[in-house]
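**Q** Prediction below, plus the sequence it came from.
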There are 2 protein chains.
Amino acid sequence: MIVGVVGGGQLARMMIPPAVALGVELRVLAETKGMSANLAAARVGDYRDAETVLEFASEVDVLTFDHEHVPQAVLRKLEGKGIAVRPGSGALQFAQDKLLMRERLAELGVPIPDWEAVAEPAELDRFISSHGGTAVVKTARGGYDGKGVRVVSSSVEVEDWFAFLAEDGHGGHLLVEEFVDFRREIAQSVARRPSGQVLSWPVVESLQKDGVCAEVIAPAPHQSPRLSEVSAEIAVEIAEGLGVVGVLAVEMFETLDERVLVNELAMRPHNSGHWSIEGSTTSQFEQHLRAILDLPLGPTGIRCPWTVMVNVFGGSTERTLDESYRAVMEDYSLAKLHNYGKEPRPGRKVGHVTVCGDNLEDAAFEARAAADALSR
Amino acid sequence: MIVGVVGGGQLARMMIPPAVALGVELRVLAETKGMSANLAAARVGDYRDAETVLEFASEVDVLTFDHEHVPQAVLRKLEGKGIAVRPGSGALQFAQDKLLMRERLAELGVPIPDWEAVAEPAELDRFISSHGGTAVVKTARGGYDGKGVRVVSSSVEVEDWFAFLAEDGHGGHLLVEEFVDFRREIAQSVARRPSGQVLSWPVVESLQKDGVCAEVIAPAPHQSPRLSEVSAEIAVEIAEGLGVVGVLAVEMFETLDERVLVNELAMRPHNSGHWSIEGSTTSQFEQHLRAILDLPLGPTGIRCPWTVMVNVFGGSTERTLDESYRAVMEDYSLAKLHNYGKEPRPGRKVGHVTVCGDNLEDAAFEARAAADALSR
């Protein structure tokens, strides 16, 4: 069994341990040398170049991804040659284009925030004023701007995006969504095989800092009775409705009035599922491999009452993660360390720590303290 | 942090996952191409050749081993060049020569079976007759014969070994030991850092088939109250007395009269410790890396009441392990599979499965059934 992974980031890296256990040969097409998944890097090349990806993919049984940026044209060319691309182009288009995604989720009847595709500032301002004066604007596709998400109260705040669309010549739309007054963000991961089997993990709570996932608690604490049922139903419906193969992570808002609204999708292992490495019988990385190889999925139960995952960011110093190990291992012995092997730059996600325990407060304290000490 | 591993077998392979997590760069000196630890193979070469090992070791921070066969002369040359060899030659000599080991354990006052170094058949026969007519004869060093262990009732049964010693010109001795009437075999693993910290895992029961470890139950069931205390004390005493750095596995007999006698030693991760990958907060492979890097050791507590590990052997068919996956994953979903990536030959150890659970009988049933289905 040979699995090819396009992209050499930490998600590809974290597929290595389960690949070693299962006897799967993992081959990574990395963007550059010395990336996170360097150990499994079989080739370095540009994932936007059809020839490069085609050549790489011709020697694997199944092709999967560390990210969702491989262009549709390349994906379709691969599929045309009979290569098993998982997830396929048909599913990935919804992860690549947020407008397509919103349209499709609306068709499926999945609960989502109010939204609209807007081509002009006037349309956007009408939406804003009819939704309480604030809205969230997103570029449909990544790459226009850093993050592509802004909370605005006037179309002036996304002038540059409209200007870009105009320049583009294609017209095109921005996505505007209601600003959801949420109680918290939750995330629901599921895995689906080509033959149809779908399994979901427990729903988790995800805490964001500056728009980036900082911390995950599994399962989501203080659950209203039906939360886990509803969130799993939604994620399974999306996986089936969009024809996803592999892991699908659905980020959702839990609103103050206890509704659940779908925010974003990721069709790959996701930061919100890293807890599963220690916290579940089957980690999201093992499950992704099983799913894309169409092997029976593993059980997704929890291995301890609480698992807390905290991201580690590059700090202000230039020291690498492992230079902090001695103190952290001494002081926070229950923290399992995950080093992505990246050069630490301030604010860059360079690793994560996970603590499992019977007591949520203790586990959270230990995980946060360990991550903090590593992030300095 | 760069760790060099001499030997490309499954023990080196199973160091890859914790190395990936900790951000340790693992480089393996493999005997041939396509071995178990192929993914981390940095070089192929003969570990008996000092130049080869020296060149390999010159680019790593710490050198460790997949096996104990690197000759003393090579080890001492490495140490002479200032390379951090862990465990060192001084400790490894006791794993390489069973007579030396017996002498040293006797000096330390560790409980061992009655033994003697015998140079002639007459000496052996005297030992046999004074020990109830049966004894266990072992060659001091591997390589004379397949396994180097025979249960005999007369010196005639090891004629060939005596003949070999005579040919050798060096004289030399065989090791003879009393045949211990044991209740069961147990194994105790510990890890020790150069700076002195030592931690032990719970003692486990190990079931052998045809002289090979077939199954391990952690912790050892039906323990007499002091068993785990005594076995840990013995293993710590040996680790300190022999100056072991890294993981030390001590195989012991629990006798019918509830004594514990040391049988064999291994100065590396050992088959009897594979359960710890899922069953303990810190696996023996992670702990070995921590120990040889002189990092604080991780907690060695259990992650579930019972963990059962069963080895998978090559069967009579030529199909590879993964061709059985579909059925096994379907039927025995709790079994965690570990594929060593070896060509299956009848009787060859090609993997293992582990099941964790609250109920020992259920876990053992599932693990045995899964291993059996994979071994066909």
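**A** Sure thing, it's come through.

**Q** Parallel or antiparallel, which strands does the host helix or strand of A:R183 pair with?
**A** Using DSSP states H and E, A:R183 sits in strand A:182-192. Partners of strand A:182-192 in the sheet, by DSSP bridges, are strand A:198-200 (antiparallel), strand A:204-209 (antiparallel), strand A:246-255 (antiparallel).

**Q** Can you tell me which of those is most buried?
**A** strand A:246-255 (a mean of 25; mean count of other CB atoms under 10 Å in any protein chain shown). The C-beta positions use only the backbone N, C-alpha and C, and glycine is treated the same way.

**Q** Return the distance of the residue nearest the centre of chain A relative to B:P194.
**A** Residue closest to the mean C-alpha point of chain A, counted by CA atoms, centre = their mean, is A:H270 at 3.5 Å. Per CB to CB, to the nearest Å, A:H270 is found 40 Å from B:P194.

**Q** Go ahead and confirm the residue nearest to the centre of chain A touches A:Q188.
**A** No - assessed by CB atoms under 8 Å, A:H270 is found out of contact with A:Q188, at 10.4 Å.

**Q** so where do the helices sit in the stretch 151-300 of chain A?
**A** Secondary structure of the stretch 151-300 of chain A (DSSP state H, counting those that start in this stretch): helices at A:159-168, A:227-242, A:276-279, A:284-292.

**Q** The first one: how far from the chain's middle?
**A** Centre-to-centre, helix A:159-168 and its host chain are 27 Å apart (CA atoms, centre = their mean, to the nearest Å).

**Q** repeat for the last one
**A** When distances are taken as CA atoms, centre = their mean, helix A:284-292 is centred 14 Å away from the chain's centroid.

**Q** which outside residues touch the following helix or strand past that helix?
**A** Remark: after helix A:284-292, the chain's next helix or strand is strand A:306-313, criterion DSSP H and E. Residues from elsewhere that reach strand A:306-313 (CB atoms under 8 Å, 6 or more residues apart in numbering or on different chains): A:212-218, A:221, A:271, A:274-275, A:278-279, A:321, A:346-360, A:363-364, A:366-368, A:370-371, A:374-375.

**Q** Show me the subset of those residues that also lies near chain B.
**A** By CB under 8 Å from any CB of the partner chain, the members of these lying near chain B are A:L321, A:G351, A:C356.

**Q** I'd guessed A:E251 sits against A:S272; true?
**A** Yes - the criterion here is CB under 8 Å, and A:E251 meets it with A:S272 at 6.9 Å.

**Q** Centroid-wise, who is the farthest residue in chain A?
**A** Within chain A, A:A122 marks the point farthest from the mean C-alpha position, 32.8 Å out by CA atoms, centre = their mean.

**Q** got the residues of chain A near chain B?
**A** A:1, A:13-14, A:16-17, A:20-24, A:26, A:39-40, A:281, A:290, A:295-296, A:298-299, A:303-304, A:320-322, A:325-326, A:329-330, A:333-334, A:336-341, A:351, A:356.

**Q** a markdown table for the strands paired with strand A:182-192, including distance to B:G109 and mean pLDDT?
**A** A markdown table is the format used below for the strands paired with strand A:182-192 (distance: least, CB to CB, whole Å; pLDDT from 0 to 100):
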| stretch | distance to B:G109 | mean pLDDT |
| --- | --- | --- |
| strand A:198-200 | 55 | 98 |
| strand A:204-209 | 53 | 93 |
| strand A:246-255 | 56 | 97 |
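
**Q** Name the nearest residue to A:E123, ignoring sequence neighbours.
**A** Leaving aside its chain neighbours, A:E123 sits nearest to A:E116 (7.2 Å; criterion: CB to CB, 6 or more residues apart in numbering or on different chains).

**Q** Quickly list what the one you found is bridged to.
**A** Judged by DSSP bridges, the bridge partners of A:E116 are A:V176.

**Q** wait, what's in contact with it?
**A** Residues in contact with A:E116 (CB under 8 Å, 6+ apart) are A:E123, A:F127, A:L175, A:V176.

**Q** pLDDT at the first one, what is it?
**A** Here the pLDDT value assigned to A:E123 is 96.

**Q** any residues in contact with both of A:H270 and A:Q188?
**A** Joint contacts of A:H270 and A:Q188 (CB under 8 Å, 6+ apart) are A:A249.

**Q** and the strand holding A:R183, how far out from the chain's middle?
**A** Strand A:182-192 sits 11 Å away from the centroid of its parent chain (CA atoms, centre = their mean).

**Q** Report the mean confidence score over that strand.
**A** Across strand A:182-192, the average pLDDT comes to 96.

**Q** if we can go back for a sec, from chain B, how far off is the residue nearest to A:E123?
**A** A:E116 is 44 Å from chain B, where distance means CB to the nearest CB, to the nearest Å.

**Q** and if you look at A:L54?
**A** Distance check for A:L54 against chain B: by CB to the nearest CB, it reads 24 Å.

**Q** What strand or helix carries that residue?
**A** Using DSSP H and E, A:L54 maps to helix A:50-57.

**Q** Just name whatever secondary elements the helix or strand following that helix is in contact with.
**A** Using DSSP H and E, the helix or strand that follows helix A:50-57 in sequence is strand A:62-65. Contacts defined by 3 or more CB pairs under 8 Å, 6 or more residues apart in numbering or on different chains; DSSP states H and E place strand A:62-65 against strand A:2-6, helix A:284-292.

**Q** How about residues contacting strand A:62-65?
**A** For strand A:62-65, with CB under 8 Å, 6+ apart as the criterion, the contacting residues are A:1-7, A:57, A:78, A:83-87, A:92, A:246, A:267-268, A:288, A:292-293.

**Q** still on that earlier bit, how about the strand holding A:R183, which residues are buried there?
**A** Residues of strand A:182-192 classed as buried: A:F182, A:R184, A:E185, A:I186, A:A187, A:Q188, A:S189, A:V190, A:A191, A:R192 (neighbour count, 16 or more other CB atoms under 10 Å in any protein chain shown).

**Q** Which residue comes closest to the fifth one once chain neighbours are left out?
**A** Excluding its sequence neighbours, the residue lying closest to A:A187 (CB to CB, 6+ apart) is A:S272, at 3.6 Å.

**Q** ok, and for the least confident helix or strand in chain A by mean pLDDT, which residues are buried?
**A** For chain A, counting by mean pLDDT, DSSP states H and E, helix A:159-168 ranks last in confidence among helices and strands (a mean of 85). For helix A:159-168, a neighbour-count test (16+ other CB under 10 Å) marks A:W161, A:F162, A:L165 as buried.

**Q** just checking, the first one touches A:V137?
**A** Yes - the criterion here is CB under 8 Å, and A:W161 meets it with A:V137 at 7.2 Å.
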